[in-house]
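[1] whatever this is, show me its structure:
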Amino acid sequence: MLAGIQTNMCVETTARVGGNLGYDVVVPLDATRTFELRSGGRTFSADELSAVTAANLSEGGFARVTDTESVLKA
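    Take a look at the predicted model:
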């Protein structure tokens, strides 16, 4: 279970490594936070970065992406 700051950096990296090592990684996305990023003359919002991270992790098979309400119900 991962939560933390910099969804698209630290959280994503940790989830990828855990997934590669065979751990059952769960990321409640609303328990993470990131900040806008400016790159190549473009600004990416925190919401955009979180959405891309969720896609990278779930579609890449690294982690199950969910929300805290679902985690608490389980």
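
[2] which stretches in this protein count as strands?
    4-5, 26-28, 32-33, 37-39, 42-44, 64-66 (DSSP state E).

[3] any buried residues in the fifth one, and which?
    Applying a neighbour-count criterion of 16 or more other CB atoms under 10 Å, the buried positions in strand 42-44 are F44. The C-beta positions use only the backbone N, C-alpha and C, and glycine is treated the same way.

[4] repeat that for the last one.
    Residues of strand 64-66 classed as buried by neighbour count (16+ other CB under 10 Å): 65-66.

[5] what helices and strands are in contact with it?
    strand 26-28, helix 46-59 (3 or more CB pairs under 8 Å, 6 or more residues apart in numbering; DSSP states H and E).

[6] thinking again about what came up before, could the strands of the chain be laid out in JSON lines, adding distance to A51 and mean pLDDT?
    Converted to JSON lines, the strands of the chain look like this (distance: least, CB to CB, whole Å; pLDDT from 0 to 100):
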{"stretch": "strand 4-5", "distance to A51": "17", "mean pLDDT": "96"}
{"stretch": "strand 26-28", "distance to A51": "13", "mean pLDDT": "98"}
{"stretch": "strand 32-33", "distance to A51": "12", "mean pLDDT": "98"}
{"stretch": "strand 37-39", "distance to A51": "13", "mean pLDDT": "96"}
{"stretch": "strand 42-44", "distance to A51": "10", "mean pLDDT": "97"}
{"stretch": "strand 64-66", "distance to A51": "10", "mean pLDDT": "98"}
